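Trainee: Mind folding the following:
(2 chains)
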Amino acid sequence: RKEVEQDPGPFNVPEGATVAFNCTYSNSASQSFFWYRQDCRKEPKLLMSVYSSGNEDGRFTAQLNRASQYISLLIRDSKLSDSATYLCVVNNPSNTGKLIFGQGTTLQVKP
Amino acid sequence: DAGVIQSPRHEVTEMGQEVTLRCKPISGHDYLFWYRQTMMRGLELLIYFNNNVPIDDSGMPEDRFSAKMPNASFSTLKIQPSEPRDSAVYFCASSLAHGVGVGTQYFGPGTRLTVL
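Mentor: Purely as a prediction, here's the structure:
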């Protein structure tokens, strides 16, 4: 089983749609969770951290379910500029500083 | 802050040649990471350093790959000899060990390597 698993997609949605990405992780001792965004031919960039209570940043909402070892990202009112690959990221509790990246979910928002 | 700086941005070389990739982390960061990304394998961690000391090099594919961090502001990843299957984008990233934003990794723009 992969340490971090994501549906690779692609997700093709129209502008204005709401889309949700899910991710599962294997190590129950993980404590830090993130979503990164990677545009085509660019480096990954932090989109948002994920907190136990859930958190929102504008149109983006992240949720964490520790019991199910499940992380989600919800994007409301999708924009063309949201088209990118979204990487689910979890810390490695055995190696301080090390992050484990999922393979990414590709989103294509169409006019 | 300038962010993580990598050079060169693009490198095209022939099989058998030595390739050296360079990275300058964000000033004050304690960790430095080298990743490789391909369509087939995604983002793979090759090696990382804490305070200039290599901590985990289990991702380095083989002896042809080596990395050094002689000081807090500079690291190199060397491939000798290079092979076509080494063609990929190589990212360097850095992060803090303590304080606000601990654990968040900041990536450089990457070096796109093509080995012919």
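
Trainee: contacts and neighbour counts: CA atoms only from here.
Mentor: Will do.

Trainee: ok, A:Pro93 - how many residues close by?
Mentor: If you count neighbours by other Cα atoms under 10 Å in any protein chain shown, A:Pro93 ends up with 15.

Trainee: what's it in contact with, if anything?
Mentor: Neighbour list for A:Pro93: A:Ala29, A:Ser30, A:Gln31 [criterion: Cα atoms under 8 Å, 6 or more residues apart in numbering or on different chains].

Trainee: Just want the most central residue of chain B.
Mentor: Closest to where the C-alpha atoms of chain B average out (Cα atoms, centre = their mean) is B:Trp34, at 2.9 Å.

Trainee: just to revisit the earlier point, give me the buried subset of the contacts of A:Pro93.
Mentor: When those are checked for burial by 16 or more other Cα atoms under 10 Å in any protein chain shown, the buried set is A:Ser30.

Trainee: Kindly report the residues of chain B close to chain A.
Mentor: Within reach of chain A by Cα under 8 Å from any Cα of the partner chain, chain B has these residues: B:31, B:42-43, B:91, B:95, B:97, B:103-110.

Trainee: Inside strands: which ones of those?
Mentor: In this view, those that belong to strands under DSSP state E are B:Tyr31, B:Gly42, B:Leu43, B:Phe91, B:Ser95, B:Tyr106, B:Phe107.

Trainee: Output the residues you listed as TSV; include the columns distance to A:Ser78.
Mentor: Listed next are these as TSV, based on distance: Cα to Cα, whole Å:
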residue	distance to A:Ser78
B:Tyr31	35
B:Gly42	25
B:Leu43	26
B:Phe91	29
B:Ser95	30
B:Tyr106	25
B:Phe107	25
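
Trainee: Around chain B, pick out the residues from chain A.
Mentor: A:Ser32, A:Lys42, A:Glu43, A:Pro44, A:Lys45, A:Leu46, A:Asn91, A:Gly97, A:Lys98, A:Leu99, A:Phe101, A:Gln103.

Trainee: So which of those sits lowest on pLDDT?
Mentor: The member of those with the lowest pLDDT is A:Gly97, at 83.

Trainee: Is it correct that it falls within a helix?
Mentor: No. Counting by DSSP: H, G, I helix; E, B strand; the rest coil, A:Gly97 is located in no helix; its state is coil.

Trainee: quick one: contacts for it?
Mentor: By Cα under 8 Å, 6+ apart, the contact set of A:Gly97 is A:Asn91, B:Tyr31, B:Ser95, B:Ala97, B:Gly103.

Trainee: tally of neighbours for the closest residue to the fourth one other than its chain neighbours?
Mentor: What it means is B:Ala97. Counting by Cα to Cα, 6 or more residues apart in numbering or on different chains, the nearest residue to B:Ala97 once its immediate chain neighbours are dropped is B:Asp30, at 5.8 Å. Residues contacting B:Asp30 under the criterion other Cα under 10 Å number 18.

Trainee: coming back round to it: in strands only, show me the residues of chain A next to chain B.
Mentor: If you go by DSSP E, the residues of chain A next to chain B have A:Pro44, A:Lys45, A:Leu46, A:Asn91, A:Leu99, A:Phe101 in strands.

Trainee: Kindly present these as a markdown table, with separate columns for neighbour count and distance to B:Thr38.
Mentor: As requested, those are exported to a markdown table (neighbours: other Cα atoms under 10 Å in any protein chain shown; distance: Cα to Cα, whole Å):
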| residue | neighbour count | distance to B:Thr38 |
| --- | --- | --- |
| A:Pro44 | 24 | 13 |
| A:Lys45 | 18 | 17 |
| A:Leu46 | 18 | 20 |
| A:Asn91 | 21 | 22 |
| A:Leu99 | 21 | 18 |
| A:Phe101 | 22 | 14 |
